[in-house]
Structure formats: C-alpha cells, structure tokens
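Participant: make a model of this:
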Amino acid sequence: MYNDTLAPRASFDAAYDTIGGRISLARDAVGLSVDEASAVTGVTTETWSNWENDRAAPRANRLDMLARILQVSIAWLLHGQGTGPR
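Facilitator: Below is the predicted model:
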C-alpha cells in the first residue's frame, strides 16, 4: 500500500507551510540573518527565533513592518497567498 504522506513534495507550496516557515523563507530570500532581522524590527533574537519556529506568532501590529522588511505581502505571511519572496 502506498502512503502519499511520506512522498516528497514536488514543489514548495507556501499555502501549506506555517507562518514561521514563511517568515524564515522570506528572511533568507532578502539575505538577512536572524540577528539582523531582529535588530531591524526591534525585537530580541529569541522572539524572532520563536516566530520562525512557531513557538509564538508576531502580534498584528508588527505584521505590516515585517511584510515591508521581508518584501512580502501580509496575506502571504499569514496565509501563503499574495506576494511572496522573490
């Protein structure tokens, strides 16, 4: 019997990823380290790492700033739809 849950994905689909995964992907795409990204946003590296590892989510009042810094849309950060990383 074939178990397709173990099959590798043919391509990355951000709609199925988590907000933390999308934050990490976008940060890598703009070439920022965790230290740099946290400094630009004014949060601790621990907070940023918690966001990327889905131990916490950014508050709503930070989403616009994150989207601008990461060069993605808020909709993409939240749901994987809209303008993602280049």
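Participant: for the protein, give me the ranges with low pLDDT.
Facilitator: Residue ranges of the chain with pLDDT under 70: 1-16.
Participant: in which helix or strand would I find residue 37?
Facilitator: Secondary structure assignment for residue 37, by DSSP states H and E: helix 34-41.
Participant: what number of residues are in the vicinity of residue 55?
Facilitator: Neighbour count for residue 55, taken as other CB atoms under 10 Å: 11. The C-beta positions use only the backbone N, C-alpha and C, and glycine is treated the same way.
Participant: please identify which helix or strand holds the residue nearest the centre of the chain.
Facilitator: Nearest to the mean C-alpha position of the chain, counting by CA atoms, centre = their mean, stands residue 23 at 1.5 Å. Using DSSP H and E, residue 23 sits in helix 19-30.
Participant: the residue nearest to the centre of the chain is in contact with residue 77, isn't it?
Facilitator: Yes - using CB atoms under 8 Å, residue 23 is in contact with residue 77, at 6.8 Å.
Participant: next, show the common contact partners of these two.
Facilitator: Common contacts of residue 23 and residue 77 (CB atoms under 8 Å, 6 or more residues apart in numbering): 66, 70.
Participant: do you know how far residue 84 is from residue 42?
Facilitator: 24 Å (CB to CB, to the nearest Å).
Participant: between the two, which one's more packed in?
Facilitator: residue 84 (20 against 9).
Participant: which residues touch the more buried one?
Facilitator: By CB under 8 Å, 6+ apart, the contact set of residue 84 is 14, 22, 25, 26, 72, 73, 76.
Participant: thought residue 75 was touching the second one, still the case?
Facilitator: No - with contacts counted by CB under 8 Å, residue 22 stays clear of residue 75, the gap being 10.7 Å.
Participant: counting neighbours, go ahead and name the busier of these two.
Facilitator: Ranked by neighbour count (other CB under 10 Å), residue 22 and residue 75 place residue 22 first, with 22 against 14.
Participant: right, I'll call it a day here.
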